[in-house]
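**Q** A predicted structure for the sequence below; I have some questions about it.
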Amino acid sequence: MTASAGRPLPDGMSIGAVLGELTAEFPDVTISKIRFLEAEGLVQPSRTPSGYRQFAPADVERLRVVLRAQRDQYLPLKVIKQQLAAADRGDAPGPRAVVPEVAEVPEVTAGRRLTREDLLEATGLEPAVLTQLEEFGLIKPGPAGFYESADAELALVVKAMARFGIQPRHLRAFRTSADREVGLIEQIVTPMYRQQDGQARARADEAVRELASLSVALHTLLVNAGLRGVSGR
């Protein structure tokens, strides 16, 4: 195996070779993205005496774990790093979604584009309820008519809430609130995406995940605070 400049890397993979390994599953990944993840401490390849990176198979697998957690679970790097550190200590199995147990979707749907039939089968949702979720803007299929695994997670949350008599029409306020939060985050990160250096997009993507995570945390705290009066706490 050789580095991109033709120098031998007998004990590991060059960053270009790692990119080749990852692009089949992660077509948007770039060398700049891999370097960014290294700079953030998510992976630590060894170096040759000349300073060239050498990625071991374990490094490549660690990158896969990180990229899947970002793509499938939308976790910010801070959370992924904490969970990987816990896994390294033997305290936890590794990155996992920070979502309620009711929102666990069959693993077969992770990272897949789903047809309407796939979504209904994975969630057990009634077709009429899915139609209502679409009418109220809670779930939106893509331009080609496919759904994402995140849509299945959302459908399961809605299904669980229905046990308390909450119907899709009651959830329009959540959609409106989420759209406002998205607009605020867009204002913050759009200038970051316009920067020209190689790692700007990776930094902007991470800022989006971090802001989304903070937004969820703030929402949870505000709801809990508002419910204290209801529960008499």
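**A** Great, that's in hand.
**Q** nearest residue to the residue at minimal distance from the centre of the chain other than its sequence neighbours?
**A** Centroid-nearest residue in the chain, with CA atoms, centre = their mean: residue 74, separated by 1.7 Å. Nearest residue to residue 74 in three dimensions, chain neighbours excluded: residue 209, at 6.2 Å (CB to CB, 6 or more residues apart in numbering). For every residue, glycine as well, the C-beta is placed using N, CA and C.
**Q** report the mean per-residue pLDDT for the helix or strand that neighbour falls within.
**A** Using DSSP states H and E, the element containing residue 209 is helix 200-231. Helix 200-231 shows a mean pLDDT of 83.
**Q** from the contact counts, what lies against it?
**A** helix 31-39, helix 77-89, helix 172-193 (3 or more CB pairs under 8 Å, 6 or more residues apart in numbering; DSSP states H and E).
**Q** one more time with 6 Å
**A** helix 172-193 (3 or more CB pairs under 6 Å, 6 or more residues apart in numbering; DSSP states H and E).
**Q** taking helix 200-231 as reference, get the angle to the helix it packs on.
**A** With axes from the mean of the first three to the mean of the last three CA atoms, to 10 degrees defining the directions, helix 172-193 sits at 150 degrees from helix 200-231.
**Q** what comes into contact with helix 172-193?
**A** Residues from elsewhere that reach helix 172-193 (CB atoms under 6 Å, 6 or more residues apart in numbering): 136, 137, 138, 204, 207, 208, 211, 215.
**Q** burial count for the last one?
**A** Right, the one you point to is residue 215. Residue 215: 16 surrounding residues under other CB atoms under 10 Å.
**Q** please apply the same query to the third one.
**A** Neighbourhood size, residue 138 [other CB under 10 Å]: 20.
**Q** so which helix or strand takes in it?
**A** Using DSSP H and E, no helix or strand contains residue 138.
**Q** how about it, what does it touch?
**A** Shown in contact with residue 138 (CB under 6 Å, 6+ apart): 171, 175.
**Q** again with the first one
**A** Each residue near residue 136 by CB under 6 Å, 6+ apart is listed here: 168, 172.
**Q** and it, how far is that from residue 112?
**A** 24 Å (CB to CB, to the nearest Å).
**Q** go on, the second one?
**A** With distances taken as CB to CB, residue 137 is found 23 Å from residue 112.
**Q** then the fifth one?
**A** Between residue 207 and residue 112 the computed distance is 27 Å (CB to CB).
**Q** now do the fourth one
**A** Separation of residue 204 from residue 112 (CB to CB) stands at 26 Å.
**Q** kindly report the same for the third one.
**A** Using CB to CB, one gets 20 Å for the distance from residue 138 to residue 112.
**Q** what's the burial count for residue 180?
**A** For residue 180, using other CB under 10 Å, the count is 10.
**Q** and if you look at residue 117?
**A** Residues near residue 117, counting by other CB under 10 Å, number 9.
**Q** tell me which residues touch it, please.
**A** Residue 117 neighbours (CB under 6 Å, 6+ apart): none.
**Q** give me the element it is part of.
**A** helix 116-123.
**Q** residues of that helix that come out buried?
**A** For helix 116-123, the neighbour count (16 or more other CB atoms under 10 Å) marks 118, 119, 120, 122, 123 as buried.
**Q** can you check stretch 74-90 too?
**A** Buried positions in stretch 74-90, judged by neighbour count with 16+ other CB under 10 Å: 74, 75, 76, 77, 79, 80, 81, 83, 84, 87.
**Q** I'd like these as TSV, with pLDDT and distance to residue 155 appended.
**A** Formatted as TSV, the buried residues of stretch 74-90 follow (pLDDT from 0 to 100; distance: CB to CB, whole Å):
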residue	pLDDT	distance to residue 155
74	73	16
75	79	20
76	81	24
77	86	27
79	85	24
80	89	25
81	90	30
83	88	25
84	89	29
87	85	29
